[in-house]
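J.: dropping the sequence and predicted coords here.
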Amino acid sequence: MNISGDLAAIFSFVLGAIVGSFLNVLILRYNTGLGIYGRSRCFSCGSPLRWYDLIPIVSFLALRSRCRYCGAKISVQYPIVELFSGLLFALFFIFARNNTFSISLFIPYLICLWFIASVLIFTLVYDLKHKIIPDSASIALAVVAIVFSVLTIGASQALFINLITALIISLIFASFWFISRGRAMGLGDAKLVFGLAVFLGYPMSISATVVAFWIGAAYALIIIAMDKASRIVATGGGDFQLSYSSKQITMKSELPFGPFLIIAALIVFFFEINAFVLFL
Ligand SMILES: [Zn+2]
């Protein structure tokens, strides 16, 4: 890596953090009836926020996570989204620099990756917060993923295979949704996974699906174990509470699957996990 490359990576991080701060607004306001273009205000006291209150990551740290005007606590979601967004922009820049073979394709390739990064972060946090994946996010992801694939492999047979695989994975998810009447899987996951699968291409799209189920299973086990442990501590190991609580967690609590899919997709993308490795 040379000096100008380092500077460009740092610039990518800063740009990503700024985009992340816009994503925070979108996550908070999209489809909630709040306008997207209004000025940012404190949720507690309504004071309009000034530019120096809105510097990604920096303002949060400088203000020690409290509103400058009323002292209300600011959600840690803001700096986390900004940081994650900055890191993802920088990682995608480095990836694009190492993987684009023609200079003329570098900029469109990078713009696609940055757009995909933004949609993924938006969708991940939105799904965690609102328990729904907006269709517009899945559609935007699918369109840009197709453009990205065409830039990478051209309108080739490989592109056709990628699209067919994505369609099959998406239909499998849709049938989970249909058979479980929406309990095991949301229809939003089936729509999201199409764009993710096109972006990753065959066979990484299959790896990502498998990895997402692994992460989901690991997460569920940790939650159940933590819940049991806390119940044992709280009740001195009372059997009634123990069985009651684990039943409550295993079946009834909603686990949004979108975040697992997105995290799995990013892991598989950066580590280039090939599907067949998973079955060895
Ligand atoms: Zn305030």
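T.: The structure has been received and is ready for your questions. Predicted, not measured: the structure shown is a model, and the values here were computed from it.

J.: near the ion, which residues of this structure?
T.: Selection of the chain residues close to the ion by Cβ under 5 Å from the ion yields Cys42, Ser44, Cys45, Cys67, Tyr69, Cys70, Ala72. (C-beta placed from N, C-alpha, C; glycine too.)

J.: between those, which is closest to Ser118?
T.: Of all the residues of the chain next to the ion, the one with the least separation from Ser118 (Cβ to Cβ) is Cys42, at 25.2 Å.

J.: my guess is that closest one contacts Leu63, does it?
T.: No. Using Cβ atoms under 8 Å, Cys42 makes no contact with Leu63, being 10.9 Å away.

J.: the spatially closest residue to Ser40 that is not a sequence neighbour - how many residues pack around it?
T.: Spatial nearest neighbour of Ser40, excluding adjacent residues (Cβ to Cβ, 6 or more residues apart in numbering): Leu49 at 4.5 Å. Residues contacting Leu49 under the criterion other Cβ atoms under 10 Å number 15.

J.: quick check: Leu49 touching Gly38?
T.: No. Judged on Cβ under 8 Å, Leu49 makes no contact with Gly38 at a distance of 11.3 Å.

J.: now do the contacts for Leu110.
T.: Phe92, Phe93, Ala96, Thr100 (Cβ atoms under 8 Å, 6 or more residues apart in numbering).

J.: which helix or strand contains it?
T.: In this assignment (DSSP states H and E), Leu110 forms part of helix 103-130.

J.: returning to what we had before: who's more crowded, Cys42 and Leu63?
T.: Cys42 (17 against 14).

J.: what sits against the more buried one?
T.: Contacts of Cys42 (Cβ under 8 Å, 6+ apart): Leu49, Cys67, Tyr69, Cys70, Ala72.

J.: look up phi and psi at it.
T.: Dihedral pair for Cys42: phi -70, psi 140, per degrees, to the nearest 10.

J.: which pLDDT value goes with it?
T.: pLDDT, Cys42: 88.

J.: ditto for Leu23
T.: At Leu23, pLDDT is 96.

J.: ok, and the closest non-adjacent residue to Leu187?
T.: Trp177 (4.9 Å).

J.: isn't the one you found up against Val193?
T.: No. If you go by Cβ under 8 Å, Trp177 and Val193 don't touch, sitting 11.0 Å apart.

J.: compare these two and say which one has the larger neighbour count.
T.: Val193 (29 against 19).

J.: any idea how far Ala225 is from the more buried one?
T.: 28 Å (Cβ to Cβ, to the nearest Å).

J.: surely Gly182 is in a strand?
T.: No. Using DSSP: H, G, I helix; E, B strand; the rest coil, the assignment for Gly182 is coil, not a strand.

J.: for it, phi and psi?
T.: Gly182 has phi and psi values of phi 80, psi 0 when expressed as degrees, to the nearest 10.
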